[in-house]
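A.B. asks: please work out how this folds:
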Amino acid sequence: MKIATFNVNNVVKRLPNLLAWLAEAEPDVVCLQELKTAQPAFPAAALAAAGYRAAWRGQKTWNGVAILARGAEPVVTRAALPGDPDDDQSRYLEAAVDGVLVASLYAPNGNPQPGPKFAYKLAWLARLARHAGTLRREGVPVVLAGDYNVAPTDRDIYSTRSWAKDALVQPESRAAFRRVLAQGYGDAIRAVHPQAPCYTFWHYMRNRWERDAGLRLDHLLLSPDVAARLRDAGVDREIRGRPGASDHAPAWILLDRAPGARTRVKRRR
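C.D. replies: All right, here's what the predicted structure looks like:
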């Protein structure tokens with residue numbers, strides 16, 4: 001079972017890129033972020049023609065998340081991260097697919113920091129950690145996949161001081177990421193590639209792709225029962241170098257299937 005996460009950076013604009021990658025990589029489940037499209041404009045028909053059914057929560061700004069499943073219907077269990085009923089940003093979607101509860105998440109960027117955007121980022125990540133703990137207590141096999149907007153360690157960013165004041169690398173951001181791991185989740189990419197950079201994001205500016213000046217911002221965190229099934233993980237970095245590409249590349253995991261497994265989940269508001 002192959003599960004991927006991809007910050008597509010405008011699903012309508014990058015649809016040809018997305019469809020080409022789906023045909024080549026053949027993931028079973030895909031978590032998309034930064035759809036940048038309103039709910040009615042999501043290209044569900046084109047994705048269905050490619051063999052993928054979809055659940056999505058659009059937003060005509062910088063946000064929006066989706067979950068695609070090849071030959072299956074994602075069963076949505078939650079359409080927002082709990083903990084703040086006033087938060088109307090489309091940043092979290094959760095669905096059951098083939099015996100696994102998969103979350104597509106797009107954490108706030110947090111810049112400029114300090115300030116209200118950084119405070120929102122930390123509060124959002126704190127809510128994520130609490131919810132991750134709840135899912136662990138429920139005993140559900142979970143994959144928390146998406147753009148966390150955190151480079152967890154110095155190994156996850158190219159050697160530079162130019163990002164030192166950025167919200168992506170602040171000690172508070174990294175501590176918030178570790179609190180999710182502390183709930184018992186494993187970092188799939190690091191489990192398979194403990195030393196390699198495995199960057200997933202290269203800014204469009206200053207030839208950062210050409211210089212391989214990247215950051216690892218996109219992560220797949222696995223509950224222990226899912227981590228025990230992990231066979232491989234990687235980043236399809238060549239996707240970033242194609243014409244019209246997103247500034248992110250897809251990251252993915254390959255799991256052994258659990259024969260006959262079914263995820264018991266409660267539908268949530």
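
A.B. asks: any idea how far the closest residue to R53 other than its chain neighbours lies from G110?
C.D. replies: Excluding the flanking residues, the one nearest R53 by CB to CB, 6 or more residues apart in numbering is E73, at 5.0 Å. Where C-beta positions appear, they are placed from N, C-alpha and C, glycine not excepted. Distance, E73 to G110, by CB to CB, to the nearest Å: 34 Å.

A.B. asks: those two - which one has more neighbours?
C.D. replies: G110 (26 against 12; other CB atoms under 10 Å).

A.B. asks: secondary structure class for that one?
C.D. replies: Secondary structure state of G110, per DSSP: H, G, I helix; E, B strand; the rest coil, is coil.

A.B. asks: do the one 10 residues further on as well
C.D. replies: Local secondary structure at Y120 is given as helix here, using three-state DSSP.

A.B. asks: count of residues packed around the nearest residue to it once chain neighbours are set aside?
C.D. replies: Excluding the flanking residues, the one nearest Y120 by CB to CB, 6+ apart is P108, at 5.5 Å. P108 has 21 neighbours, counted by other CB under 10 Å.

A.B. asks: residues contacting P108?
C.D. replies: Applying CB atoms under 8 Å, 6 or more residues apart in numbering, we find P108 in contact with 89, 91, 117, 120-121, 124, 149.

A.B. asks: gap between it and L230?
C.D. replies: Where L230 is concerned, P108 sits at a distance of 28 Å (CB to CB).

A.B. asks: show me where the stretch 101-250 of the chain has helices.
C.D. replies: Taking DSSP state H, counting those that start in this stretch to define them, one finds helices in the stretch 101-250 of the chain at 116-138, 171-181, 188-192, 224-227.

A.B. asks: and the most centrally placed residue in the chain, what are its bridge partners?
C.D. replies: When CA atoms, centre = their mean is applied to the chain, the residue found nearest the centroid is G146 (0.8 Å). Counting by DSSP bridges, G146 forms beta bridges with L105, H219.

A.B. asks: quick one, what contacts it?
C.D. replies: 5, 7, 31, 33, 65, 103-107, 218-219.

A.B. asks: could you export those as TSV, including distance to L47, pLDDT and neighbour count?
C.D. replies: What follows is those, written out as TSV (distance: CB to CB, whole Å; pLDDT from 0 to 100; neighbours: other CB atoms under 10 Å):
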residue	distance to L47	pLDDT	neighbour count
T5	16	99	30
N7	17	98	24
C31	13	99	30
Q33	15	98	31
V65	14	98	27
A103	19	98	25
S104	14	99	30
L105	20	98	25
Y106	18	98	27
A107	24	98	24
D218	20	99	26
H219	24	98	27
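
A.B. asks: now the helix or strand where L18 lies: buried residues?
C.D. replies: According to DSSP states H and E, L18 maps onto helix 15-25. Neighbour-count burial for helix 15-25, counted by 16 or more other CB atoms under 10 Å, picks out 17-19, 21-22.

A.B. asks: between the residues you listed, which is closest to D166?
C.D. replies: The shortest approach to D166 among the buried residues of helix 15-25 belongs to N17, at 26.3 Å (CB to CB).
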